[in-house]
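Asker: generate coordinates for the sequence data below:
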Amino acid sequence: MDDAPADPTRRRWLAAALGLALGCRRSSSGRRPLTVAAAMSLSEALTAIARDFEGAHPEVELLLDLAGSQALAAQILAGAAVDVFVSADLAQLQRVVDAGLAEAPTTIAANRLVVIAGSEVALAEAADLAAAERKVVLCAPEVPAGAYARAALDRLGLRAAVEARVVSEEDNVRAVVQKVSLGEADAGIVYATDVRAAAPGSVRVIELAGAESIRATYHASPLRGASDPALARAFVAALLEAPAQAIFAGLGFAPP
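Answerer: Numbers count the residues shown, from 1 in each chain. A predicted model of the protein is given here:
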């Protein structure tokens, strides 16, 4: 029903999105807000880490804004009010650092790429992505997952052939998972940790054999305009502590 109570995590995401759009920070609880703009692929991990951080800092409400890293970087560069930026690659965070808006990045976790194919799609290895009848979906080149995917395809000598089969380019990796899961595309390249976002039984996973060296790395920085710089730094530090690293590991992320 439309008037049902909102999920607390969704409330945090919506509140953060509103704050970003208005260039201000707002808390729905009266507690001190800490706004974290983070890559969509970190949604489950950071939701759990946020809960622990709030437990250790009961005066704080952590507001998550989850989107493609390139979109978040653009918002920050346009003046969005953010305390911490967590990017799925260094390039997008470096844009913000180079503009003088963020402190030096800290590497917090890593990920790997896999091919996903619809459960009924005859695809056994990455080279099958180049088949004439194949419909492939990737993240756009400026999206970290899209850049990593193209680097892996370059490594395999498949980039031109696979790009010729691309039927859409998405703004974030979860959109790729959704399109393959719904049968709107035959296959895509995503982070291994995002396979859990697919409907059960809707996709199969194929390893990118020969491109294992293409490793996605996540980076975090406090923003120089943070409402509480010490608290923003404390959150980034917490991402490297054992409880947060255990959450990352439990969801399939690798250590930094």
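Asker: list the buried ones in the biggest strand by length in the chain?
Answerer: Looking across the chain with DSSP state E, the single longest strand is strand 106-118. By neighbour count with 16 or more other CB atoms under 10 Å, strand 106-118 contains the buried residues 106, 108-109, 111-118. (Each C-beta comes from the backbone N, C-alpha and C, glycine too.)
Asker: equivalent analysis for stretch 224-240, please.
Answerer: Residues of stretch 224-240 classed as buried by neighbour count (16+ other CB under 10 Å): 226-228, 231-236, 238-240.
Asker: could you dump the buried residues of strand 106-118 to CSV with distance to residue 144 and pLDDT?
Answerer: Shown next, in CSV, are the buried residues of strand 106-118 (distance: CB to CB, whole Å; pLDDT from 0 to 100):
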residue, distance to residue 144, pLDDT
106, 17, 98
108, 14, 98
109, 13, 98
111, 10, 98
112, 13, 97
113, 11, 98
114, 15, 98
115, 17, 98
116, 17, 98
117, 22, 98
118, 24, 97
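Asker: of all these, which comes closest to residue 248?
Answerer: Set against residue 248, the nearest of the buried residues of strand 106-118 by CB to CB is residue 109 (4.7 Å).
Asker: ok, that closest one to residue 239 distance?
Answerer: 8 Å (CB to CB, to the nearest Å).
Asker: the stretch 151-256 of the chain: helices as residue ranges?
Answerer: Using DSSP state H, counting those that start in this stretch, the helices found in the stretch 151-256 of the chain span residues 159-163, 173-181, 229-238, 242-250.
Asker: let's have these in TSV, adding mean pLDDT and distance to residue 65.
Answerer: Listed next are the helices of the stretch 151-256 of the chain as TSV, based on pLDDT from 0 to 100; distance: least, CB to CB, whole Å:
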stretch	mean pLDDT	distance to residue 65
helix 159-163	98	31
helix 173-181	96	15
helix 229-238	98	14
helix 242-250	98	19
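Asker: quick one: which of these is nearest residue 86?
Answerer: Checked against CB to CB, the stretch from those lying closest is helix 229-238, at 8.4 Å.
Asker: residue 97: how many residues sit nearby?
Answerer: Residue 97 has 17 neighbours, counted by other CB atoms under 10 Å.
Asker: before we move on, back to that, which among the buried residues of strand 106-118 gets closest to residue 87?
Answerer: Minimum separation from residue 87 among the buried residues of strand 106-118 (CB to CB) is found for residue 108, which lies at 10.0 Å.
Asker: contacts only, for that closest one.
Answerer: Taking CB atoms under 8 Å, 6 or more residues apart in numbering, we find residue 108 in contact with 86, 218-220, 236, 239-240, 244, 248, 256.
Asker: now render the helices of the stretch 151-256 of the chain as CSV, adding distance to residue 43.
Answerer: Output for the helices of the stretch 151-256 of the chain, formatted as CSV (distance: least, CB to CB, whole Å):
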stretch, distance to residue 43
helix 159-163, 27
helix 173-181, 8
helix 229-238, 16
helix 242-250, 12
